[in-house]
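**Student:** Quick one: sequence and predicted model below, then my questions.
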Amino acid sequence: MNRREFLKSSLAGAGMIAAVTQGPVGLLGADEAAKGTVLKLCSQAGPVPGKSMKEKIELLQKWGAAAIELAGNPDVKEVQDALKGSSLKVSALCWGSHAGDLVSPDKAKQTKGIDDLKIALDKAGELQAAGVIFVPTFNNQSKLKPEELDKVLLDILPALGDYAQKCKTHVILEPLNKKETFYLNRVEQAVAICEKLNNPGIAAMGDFYHMSKEEKSDEAAFITGGRWLRHVHLATGASRILPGQEDHSYVAGFRGLKKIGYQGFCSFESGCKKGTDRAEEMPKAMAFLRKQWDEATI
């Protein structure tokens, strides 16, 4: 089976091709699909002003954020101490590709990568995060063909998914645009792997920045994500700046999230337009997104 057949059979077998046009709305009705769906904004820790984790969390709470996203190997105690007295959660750990080691033909590298991802899953579980964001490979990190990478992931992910379940979290597959990876460029490709494995510990996510380059429709992409979607990244423009700092609408994507009854977080993975102040611009971006969320009627 070639890769196109793999994707088609995985999506069609689960009724996902129909879901692109119908989605949960066709099954439950718009009101039920959107019921309980709230825009839960957060940000990666890096872009947030503040000298300490505590200061960053205090600012996010002041701005009405719901969570903070962390790098892949956080100091759990430091984060837990910083969260005391706050209503914020940890949304996810942005772990990356581990230099492509998990899909490496070098078994020693692969074993080390898997072991390190398990450590990240341990920490995600302790912090009650939705998952660990995993990119199988960036460009130039693997010489394997996409269909060969499919086989590797189908081999290693079941055990990692089981481990994630024990930690009460997820391995979250992140699609990226072609300038960053030749593998997993669209939400449907990550979903095809989730469907093939059918392991509750394996999930997918969407990133508005990458989706703007690869998806024909943000709404359809998120509907395809459906029950597997556990996280969303927010950014816009060629230089990944804050939403609202460049003309880009999030309404269609938000409509898709409402249609699937999305319960996860939407997190800034973005810088700030040159010459502007993050402390001023981040709350503006949140206000902009809340307005766009309200406009996304279904």
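**Tutor:** Yep, that arrived.

**Student:** any weak-confidence spans in the stretch 1-150 of the chain?
**Tutor:** Scanning the stretch 1-150 of the chain for pLDDT under 70 picks out 1-35.

**Student:** now with 90?
**Tutor:** Low-confidence regions of the stretch 1-150 of the chain, defined by pLDDT under 90, span residues 1-36.

**Student:** Where do the helices of it begin and end?
**Tutor:** Here the stretch 1-150 of the chain has its helices, by DSSP state H, counting those that start in this stretch, at 3-13, 16-21, 23-28, 30-34, 53-62, 76-83, 107-126, 146-166.

**Student:** same thing with the stretch 151-298 of the chain?
**Tutor:** Counting by DSSP H, counting those that start in this stretch, the helices of the stretch 151-298 of the chain are 187-197, 208-214, 218-225, 251-259, 278-295.

**Student:** Including distance to residue 130 and mean pLDDT, could those go into a markdown table?
**Tutor:** C-beta here means a position set from N, CA and C on the backbone, and glycine is covered the same way. Converted to a markdown table, the helices of the stretch 151-298 of the chain look like this (distance: least, Cβ to Cβ, whole Å; pLDDT from 0 to 100):
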| stretch | distance to residue 130 | mean pLDDT |
| --- | --- | --- |
| helix 187-197 | 14 | 98 |
| helix 208-214 | 18 | 97 |
| helix 218-225 | 14 | 98 |
| helix 251-259 | 14 | 97 |
| helix 278-295 | 19 | 97 |
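
**Student:** Export the ones you listed to TSV and append columns for mean neighbour count and distance to residue 53.
**Tutor:** As requested, those are exported to TSV (neighbours: other Cβ atoms under 10 Å; distance: least, Cβ to Cβ, whole Å):
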stretch	mean neighbour count	distance to residue 53
helix 187-197	24	30
helix 208-214	20	25
helix 218-225	24	30
helix 251-259	23	28
helix 278-295	17	16
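
**Student:** got these as JSON lines, with distance to residue 151 columns?
**Tutor:** Listed next are those as JSON lines, based on distance: least, Cβ to Cβ, whole Å:
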{"stretch": "helix 187-197", "distance to residue 151": "11"}
{"stretch": "helix 208-214", "distance to residue 151": "23"}
{"stretch": "helix 218-225", "distance to residue 151": "23"}
{"stretch": "helix 251-259", "distance to residue 151": "30"}
{"stretch": "helix 278-295", "distance to residue 151": "39"}
